[in-house]
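**Q** Below is the sequence, then the predicted model.
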Amino acid sequence: MTKTKKEYAKSISPAQFFSMNRAIAGFSNPAKSLYTTIRELVENSLDACEAINVFPDIKIRVRRLTLEELRNLGIIDVAAARALGEDKKVEETSKQKNQAPQNKEELSPPEVYEITVSDNGKGMPDEKIPTLLGKVLTSTKYRIKQHRGRFGLGLKMAIIYSLQELNRPVEVWSTMRSYNFVSYYKLKIDIVRNEPIIQEHKKIPKRKYKDPWGRRLHHGTVVRLLILGDWTRAKFYVLEYLKQLAIITPYATFLFEGPNNEKIYYERVSDKMPPPPKEIKYHLSGIDAQTLIQLMRERKRLSMLEFLMITFERVGKKTATKFLRALGVSPDTPVKEVLKNDRLITSFVRLAAMFKFTRPDPSALSPIGEDLLEQGLRAILKPEFVHAYQRKPISLQGHPLIVEVAVAYGGEISPGLKLLRFANRVPLLHKTRSDVAWKALEEIDLSRYKVSEQDPIVLAVSIVSTKIPFPTTSKDYIDDVDILRREIKLAFMRVLRRLRIYKSKIEKLKQLEERRRVLIKYARRFAMSISKILRTDPKFENKIHAREDIIYAYLIDNIDRKLSAKTPEITEHIDRIPTEPPKTGETQK
């Protein structure tokens, strides 16, 4: 008889789990990994700058490693040997063995990129840098507050990806305003134990350090790491991401230097920043059983009335008493007694989901605002018409949420309807047709607003919340939630109505301008005829009013006055049509 192996349970660390399932964090292939790494580094930089209320000045450099650098790092194989001029030996060996030579793709050197991002943000405390960069699921973002990131996972996943493919450490330079030195760390992540491995640590005097662009680092962070990537496929997404980021962050400056000498610069176009988001308490309508139990354990010595009033947002004595009465619990009941009753916990959660509470406080959010959104669209897209609109705050699963939309039309926008999506002021580029905004757009009949999908039109939607309903950790799109889809649809309809009004006015102005052209055409002939008639009469022979140019000017003034009375806006467009003096007729003295 064969002996069967004993089965046993084994736990793994968070770092090990995400290293085994890196696709869920956006590291499924070299192209997307390159794009995701840049995105995560830039978003961390933006958060760090806004934390101390400074205008972000972010520089990004993507450089492909040379063959010599690949050899020095040990990242070289037969492919690199071919690229270095040894391909003839490989082909001769293949012929001797009667083997087909390897194809070009197999013999090309690997694409390894050095990504460097520098910012002027808050910086990190020296002693906390290893933990913040080297321990997965350890972050400053686990609070009820609007953040660009969700788990603080992005940069750590980039480090893990680099370790898996290249076994190279990450380098970081960081300093705060209160420091007189720049902290330098070179570190890896122990994936099995989920702990940082510090290879080098030193403190550099601020006066002796400059970032890769030659600027002093008074406060901020510089991160450099190596990534296995594919720039050809990632290029479109990286450049489009930066373009959309410049739209939604018009108060920031971005400099991008690509591996093929690409250089893109987006200058700050606004001196105004959105107000910083605030940390808030939990809202009862979105509480779950396990979170409730955790909160109760922290305050088990309080009464239920005190617990509700202290722990949850916008719950006063009257609301708390009414809720407890509906639950069948006395306000003086100790929290520790309720904590022992699992059935009562379940009833608490179900009642909270249906009970009518005051909406969450929207002041905790930091939307871009109508003015800044319009500024960003005008600066980058250069349209002829822009209009933005912000909806009133709503509650989604107990979290405050605000929807902002904008429409841009004409100008330098290329033909075709385009949808720009932003979540907590972060561009979303993938899986557009799965997004709730696209679902909302599909429910709208565009012909009612005198637009079609072939028109040069851009619709932008920005959603801010303390909890964006992403279905996956890669944050590619927002889930199709009914209440959110309805909010976006109503907002789209509002801005499209404004576009329809604008287009109607433009059409009317074109009709009036055409009418003016016709009238001016006959005004010249009419002025010439009237002048000839008047000059046959001795009474008008020497009168200035009989001159052809005077009569013509009088007619033009009357035409413009009559047209302006019908549509006041025509006065802004009259200058488009040149008004030439009559070329016929005699010169009058």
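**A** Received, thanks. Residues are numbered from 1 along each chain as shown.
**Q** got the contact list for the residue most central in space within the chain?
**A** Centroid-nearest residue in the chain: residue 426, 2.4 Å away (criterion: C-alpha atoms, centre = their mean). Residue 426 sits next to 39, 43, 148, 245, 248, 475 when contact means C-beta atoms under 8 Å, 6 or more residues apart in numbering. C-beta: built from backbone N, CA, C; applies to glycine.
**Q** Tell me the pLDDT of residue 142.
**A** At residue 142, the pLDDT value in this model is 48.
**Q** ok but residue 182 is inside a helix, no?
**A** No - the assignment for residue 182 by DSSP: H, G, I helix; E, B strand; the rest coil gives strand, which leaves it out of any helix.
**Q** Surely it touches residue 219?
**A** No - contact between residue 182 and residue 219 fails when scored by C-beta atoms under 8 Å: they sit 10.0 Å apart.
**Q** Name the residue in those two with the higher neighbour count.
**A** For residue 182 versus residue 219, neighbours defined as other C-beta atoms under 10 Å are more numerous around residue 182 (28 against 21).
**Q** Could I get the contacting residues of the more buried one?
**A** 173, 174, 175, 203, 204, 205, 206, 209, 217.
**Q** looking at this, the second one is in a helix?
**A** No - inclusion of residue 174 in a helix is not indicated when three-state DSSP is applied; the result is strand.
**Q** show me where the stretch 51-200 of the chain has strands.
**A** Using DSSP state E, counting those that start in this stretch, the strands of the stretch 51-200 of the chain run over 57-64, 112-118, 170-175, 181-190, 195-205.
**Q** Please give the centre-to-centre distance between the last one and its chain.
**A** Put plainly, it is strand 195-205. Relative to its parent chain, strand 195-205 has a centroid offset of 33 Å by C-alpha atoms, centre = their mean, to the nearest Å.
**Q** Can you list the helices and strands that it packs against?
**A** helix 129-134, strand 181-190 (3 or more C-beta pairs under 8 Å, 6 or more residues apart in numbering; DSSP states H and E).
**Q** out of those, which comes closest to residue 440?
**A** Distance to residue 440, taken as C-beta to C-beta, is lowest for helix 129-134 among the helices and strands packed on strand 195-205, at 37.6 Å.
**Q** returning to what we had before: out of the strands of the stretch 51-200 of the chain, which gets nearest to residue 457?
**A** strand 57-64 (29.8 Å).
**Q** That closest one - contacts with which helices or strands?
**A** Here strand 57-64 touches helix 30-51, strand 112-118, helix 231-248, strand 253-257, going by 3+ C-beta pairs under 8 Å, 6+ apart.
**Q** mind redoing it with 6 Å?
**A** Packing partners of strand 57-64 (3 or more C-beta pairs under 6 Å, 6 or more residues apart in numbering; DSSP states H and E): strand 112-118, strand 253-257.
**Q** Which members of the contacts of residue 182 are the farthest-apart pair?
**A** 174 and 205 (14.4 Å).
**Q** Same drill for these two, tell me which one is more crowded.
**A** Ranked by neighbour count (other C-beta under 10 Å), residue 174 and residue 205 place residue 174 first, with 27 against 9.
**Q** bridging residues for that one?
**A** Legend: beta-bridge partners of residue 174 under DSSP bridges are residue 183, residue 221.
**Q** Can you verify my assumption that it contacts residue 221?
**A** Yes - contact status for residue 174 versus residue 221: in contact at 4.2 Å, counting by C-beta atoms under 6 Å.
**Q** which neighbours do these two share?
**A** Residues touching both residue 174 and residue 221 (C-beta atoms under 6 Å, 6 or more residues apart in numbering): residue 123.
**Q** quick one: which of the contacts of residue 182 has the most company?
**A** Within the contacts of residue 182, residue 174 tops the neighbour count with 27 neighbours, counted by other C-beta under 10 Å.
**Q** can you list the weak-confidence ranges in this protein?
**A** Counting by pLDDT under 70, the chain shows low-confidence ranges at 1-11, 76-107, 137-145, 147, 149-152, 473-474, 535, 539-546, 566-589.
**Q** now residue 278: how far from residue 146?
**A** As judged by C-beta to C-beta, to the nearest Å, residue 278 and residue 146 stand 9 Å apart.
**Q** which residue sits closest to residue 228 in space, ignoring its chain neighbours?
**A** For residue 228, ignoring the flanking residues on the chain, the nearest one in space by C-beta to C-beta, 6 or more residues apart in numbering is residue 165 at 4.2 Å.
**Q** how far away is the one you found from residue 505?
**A** For residue 165 relative to residue 505 (C-beta to C-beta), the value is 57 Å.
**Q** More neighbours: which of the two?
**A** A count of neighbours by other C-beta under 10 Å puts residue 165 above the other of residue 165 and residue 505, at 18 against 14.
**Q** Test my guess that that one contacts residue 227.
**A** No - counting by C-beta under 6 Å, residue 165 stays clear of residue 227, with 7.9 Å between them.
**Q** any chance of the strands of the stretch 51-200 of the chain in TSV, with distance to residue 418 too?
**A** Converted to TSV, those look like this (distance: least, C-beta to C-beta, whole Å):
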stretch	distance to residue 418
strand 57-64	24
strand 112-118	27
strand 170-175	36
strand 181-190	39
strand 195-205	43
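**Q** Point out the one among these that comes closest to residue 465.
**A** strand 57-64 (24.2 Å).
**Q** Sticking with residue 462, tell me its helix or strand.
**A** Element membership for residue 462, per DSSP states H and E: strand 456-465.
**Q** One more: residue 269?
**A** Taking DSSP H and E as the definition, one finds residue 269 inside no helix or strand.
**Q** isn't it right up against residue 377?
**A** No - Residue 269 lies out of contact with residue 377 (C-beta under 6 Å); the separation is 10.7 Å.
**Q** quick one: which of those two has more around it?
**A** Using other C-beta under 10 Å as the criterion, residue 269 and residue 377 rank with residue 377 on top: 24 against 16.
**Q** so what's the backbone phi/psi at the spatially closest residue to the more buried one that is not a sequence neighbour?
**A** Spatial nearest neighbour of residue 377, excluding adjacent residues (C-beta to C-beta, 6+ apart): residue 408 at 4.7 Å. Backbone torsions of residue 408, given as degrees, to the nearest 10, read phi -130, psi 140.
**Q** And the strands in the stretch 351-500 of the chain?
**A** Going by DSSP E, counting those that start in this stretch, the stretch 351-500 of the chain shows strands at 385-390, 394-396, 399-409, 416-423, 427-428, 456-465.
**Q** Output the first one in CSV with nothing but the alpha carbons.
**A** To tie it back to what came earlier, the one meant is strand 385-390. What follows is strand 385-390, C-alpha atoms only, in CSV (Å, rounded to 0.1, in the frame of the first residue of the first chain):
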residue,chain,number,x,y,z
PHE,A,385,-16.8,75.8,-26.0
VAL,A,386,-16.4,74.4,-22.5
HIS,A,387,-18.9,74.0,-19.7
ALA,A,388,-18.5,72.1,-16.4
TYR,A,389,-21.1,71.2,-13.8
GLN,A,390,-20.9,69.7,-10.3
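**Q** Does anything pack onto that strand? Which helices or strands?
**A** Against strand 385-390 (3+ C-beta pairs under 6 Å, 6+ apart) you get helix 370-381, strand 399-409, helix 482-535.
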